[in-house]
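S.K.: how would this look folded up:
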Amino acid sequence: MKFLAYTLGMKRIFLPISLMFGLIFACSHGSSETGSDGDSGDSSWDSVKSSVSPSVALSDEFSNPQMLPIATMGWEDGLNVSRDGLHLYATYIPADFLSFTLNETENQANIQYYDRGPHYDMDFDGSSIGVDYPWYHSDIIYASRSSVEEDFSDWNTSDMKRSVQSEGAITTVQSDTGIDMCVFTSNEKYLELNNFKYIKDSANNPSGLGTFLSDTANDGETDQVNTYFVEDNPHLERISDDILVLFFDSEDRPGGLGLHDIWYSSSSDNGGTWATPINVSTVNTADKEHQPHLYYDDTLDLWWLYYSAYHTDGKLAIYRVYQEADTWDNWSTPELVLSAGTSAGIGEPTLTDEGDLYFVLIYDNPDGTDYDRYDADPWFVEALVE
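M.R.: This next block holds a predicted model:
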């Protein structure tokens, strides 16, 4: 089956959450309806998930891909693993959100028919905002473990959980006692688009509402990080006690080179203020580059930038480049890390200190229905030790 990719963005009429692909796949759908109790009742999903796998391009560096045991039938997206490999975060909505986006153009209420759960303790009370149907939004979910030899705990909603607004795409810098600083997306200020908020000095399960990054910048001016345009998929790195660098992507920010571009900004006062964002022109093309993730390689003493872009098969894959000079816009020729293989696409790269690569994989179930066709799960590949 040939997939036709279209720009999705944040589906602004409905649910501006951090959806992994920023694209949809146009294909034929069935017409049977699933229930709204979180169970599709379709055993074909077991077959799909057991047979699908991405392809490792760097087989001398990474092991065979594996799905994380905590994967559910909900939409797990915006993945982030802590550098020590003990804490895992994702953006979550308990539904086949991609099918909803494909099929619906105006009716938010219909998302209840795409529900697959689990719901955890998410709040869908629509009456609180004056609607008489469940109000679906995204929350950040959290899992942990005490050792990398163990499996992660089951997902739980993080202590950042809220009703009505959508939060997602969290990126964390860990400290000895928890989170030094995290940045995440929020549609609190504008329901039709994302901006970035941050929380400092939190537990590993973060709590609080957060503060908008350079809050006075929310005036649409593009010399700021937060604008009237879409900012998404942040990745934060601490370079020193005072210096931070933030990579992110945007589909519509003025000055972009293509359909979706990677940008960066830096702070020299521990996140108090941020420099004018710069387009990563040595990586971006006229096509789509997004979901950036910086990784420092101690062995080679250099920075890698992992990101998602289209492969020759027309599906999203994971690439990387290395820093060629002491600037955040001087990168090598792209190198393919993982391609989609038999999946519908992969993305959202995030790495541990040991070089283990976690990512999101999208499935397309050919025996699915209008309400139950796609799923997103967390996967990983281990770094091979020489």
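
S.K.: was I right about residue 202 contacting residue 175?
M.R.: No: the criterion here is C-beta atoms under 8 Å, and residue 202 misses it with residue 175 at 9.4 Å. The way it works is simple: take the backbone N, C-alpha and C, and place the C-beta from them, glycine included.

S.K.: look at the two and report which has more neighbours.
M.R.: Set residue 202 next to residue 175 and count neighbours by other C-beta atoms under 10 Å: residue 202 wins out with 21 against 14.

S.K.: now that one: closest residue in space, sequence neighbours ignored.
M.R.: residue 179 (4.4 Å; C-beta to C-beta, 6 or more residues apart in numbering).

S.K.: tell me what the one you found is bridged to.
M.R.: residue 174, residue 202 (DSSP bridges).

S.K.: and it, what's its pLDDT?
M.R.: Residue 179 is assigned 97 on the pLDDT scale.

S.K.: for it, what are its contacts?
M.R.: 172, 173, 199, 200, 201, 202, 203, 204, 206 (C-beta atoms under 8 Å, 6 or more residues apart in numbering).

S.K.: burial count for the closest residue to residue 381 other than its chain neighbours?
M.R.: Ranked by C-beta to C-beta, 6+ apart and with sequence neighbours excluded, the top spatial neighbour of residue 381 is residue 62, at 4.1 Å. Residue 62: 19 surrounding residues under other C-beta under 10 Å.

S.K.: isn't residue 62 right up against residue 54?
M.R.: No: applying C-beta under 8 Å, one finds residue 62 not in contact with residue 54, separated by 10.5 Å.

S.K.: before we move on, the earlier item: check contacts around the residue nearest to residue 381.
M.R.: Counting by C-beta under 8 Å, 6+ apart, residue 62 has contacts 56, 337, 338, 357, 381, 382, 383, 384.

S.K.: who does it bridge with?
M.R.: residue 383.

S.K.: quick one: it and residue 86, what's the gap?
M.R.: Between residue 62 and residue 86 the computed distance is 20 Å (C-beta to C-beta, to the nearest Å).

S.K.: distance of residue 318 from residue 54?
M.R.: Applying C-beta to C-beta to residue 318 and residue 54 gives a distance of 8 Å.

S.K.: what residues sit buried inside stretch 343-355?
M.R.: 343, 344, 345, 346, 347, 348, 349, 350, 351, 352, 355 (16 or more other C-beta atoms under 10 Å).

S.K.: any idea how far that stretch is from the chain center?
M.R.: 10 Å (C-alpha atoms, centre = their mean, to the nearest Å).

S.K.: what about that stretch, how long is it end to end?
M.R.: 23 Å (C-alpha to C-alpha, to the nearest Å).

S.K.: what stretches of the stretch 151-300 of the chain score poorly on pLDDT?
M.R.: The stretch 151-300 of the chain contains residues with pLDDT under 70 at 190-192, 215-220.

S.K.: quick one: the helices in it?
M.R.: Counting by DSSP state H, counting those that start in this stretch, the stretch 151-300 of the chain forms no helices at all.

S.K.: show me the contacts for the closest residue to residue 291 other than its chain neighbours.
M.R.: In space, and not counting its chain neighbours, residue 291 is closest to residue 308: 4.3 Å by C-beta to C-beta, 6+ apart. Residues in contact with residue 308 (C-beta under 8 Å, 6+ apart) are 289, 290, 291, 316, 317, 318, 319, 346, 347, 348, 349.

S.K.: A strand includes residue 308, no?
M.R.: Yes: the assignment for residue 308 is a strand, going by DSSP: H, G, I helix; E, B strand; the rest coil.

S.K.: who does it form a beta bridge with?
M.R.: Counting by DSSP bridges, the residues bridging with residue 308 are residue 290, residue 318.

S.K.: what separates it from residue 347, distance-wise?
M.R.: 4 Å.

S.K.: can you list residues touching both of these two?
M.R.: 290, 291, 316, 318.

S.K.: most neighbours out of these, which is it?
M.R.: Neighbour tally across these (other C-beta under 10 Å): the maximum, 32 neighbours, falls on residue 291.

S.K.: distance of it from residue 249?
M.R.: 6 Å.

S.K.: what number of residues lie near residue 360?
M.R.: Around residue 360 there are 26 residues (other C-beta under 10 Å).

S.K.: sorry, that was for residue 384
M.R.: 12.

S.K.: export the shared contacts of residue 308 and residue 347 as JSON lines, with columns for distance to residue 108.
M.R.: As requested, the shared contacts of residue 308 and residue 347 are exported to JSON lines (distance: C-beta to C-beta, whole Å):
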{"residue": "290", "distance to residue 108": "26"}
{"residue": "291", "distance to residue 108": "26"}
{"residue": "316", "distance to residue 108": "27"}
{"residue": "318", "distance to residue 108": "32"}
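
S.K.: look up phi and psi at the residue positioned nearest the centre of the chain.
M.R.: Per C-alpha atoms, centre = their mean, the C-alpha nearest to the average position across the chain is that of residue 78, at 2.0 Å. The phi/psi pair for residue 78 (degrees, to the nearest 10) reads phi 50, psi 50.
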